[in-house]
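Chemist: Give me a model of this one.
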Amino acid sequence: MKNLSLFLFLFLLSCSSESVYYNADGELCPVVQIIRNEAYLSQFVGYKEQFQISISGYDGYCYYDNVLQRHRAVIRPTFKIKRLSRSPETDVRFSYYTETVKGPTEYLGKKTHYITAHIRADELETYYTAPEVKVFIPEKMIKDYDVNLGLWISPNEAKYNQRTFDINYRYIDE
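Modeler: Numbering: from 1, shown residues only. Just a heads-up that it's a prediction; the model follows:
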């Protein structure tokens, strides 16, 4: 029985290790580049700042999809949502993207993901982990393939970001 348990443990370990990839720098796959200029935005309602949304990180892994017979990356971004003014609003709607910019042309592209996150009316700050998204990885680039991650930002929001970049907002209307 002991040998069977050991064999089963080693078998499961070998199966799971086949789906974990590391890049050339020894980092776990996928390598996600968070685009700094598009890592946060302030949402306005009327002329008042209501929420600040920022990408705080991500979780993910890579695996070989036996059905499609292709390598894939799974990414789950995490967003920090701050309430900047008092309001009864509890739904925060925003979009983010995943983008691949190198490799064969069939792997290149930008995909938009739409989010509705919830924040309680009495809550000033929360973290939201988005549902996982999948990105195909070229066979020859398994260990050296970057995926860009950023928020979709309107031209007005981008202009505002340029004036307030990296400011840690304080809550207003306290």
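
Chemist: His118 contacts Glu89, correct?
Modeler: No. In this structure His118 lies outside contact range of Glu89 using C-beta atoms under 8 Å: 10.2 Å. Backbone N, C-alpha and C define where each C-beta goes, glycine included.

Chemist: Which residue of those two possesses the greater neighbour count?
Modeler: Neighbour tally, His118 and Glu89, criterion other C-beta atoms under 10 Å: the higher count belongs to Glu89, 14 against 11.

Chemist: If we ignore the residues flanking it in sequence, what's nearest that one?
Modeler: Using C-beta to C-beta, 6 or more residues apart in numbering and skipping residues adjacent in sequence, the residue nearest Glu89 is Gln50, 6.6 Å away.

Chemist: now the host helix or strand of that neighbour: how far from the chain's centre is it?
Modeler: Element membership of Gln50 [criterion: DSSP states H and E] is strand 48-65. Here strand 48-65 shows a centroid-to-chain-centroid distance of 3 Å under the convention C-alpha atoms, centre = their mean, to the nearest Å.

Chemist: Mind listing the strands it pairs with, and their directions?
Modeler: Sheet partners assigned to strand 48-65 using DSSP bridges are listed as strand 40-45 (antiparallel), strand 70-83 (antiparallel).

Chemist: Kindly state which of those strands is positioned closest to Pro155.
Modeler: Pro155 lies closest to strand 40-45 among the strands paired with strand 48-65, at 11.8 Å (C-beta to C-beta).

Chemist: quick one on the thing from earlier: and the pLDDT at the residue nearest to Glu89?
Modeler: In the predicted model, Gln50 carries a pLDDT score of 82.

Chemist: neighbours around it, how many?
Modeler: Gln50 has 17 neighbouring residues, counting by other C-beta under 10 Å.
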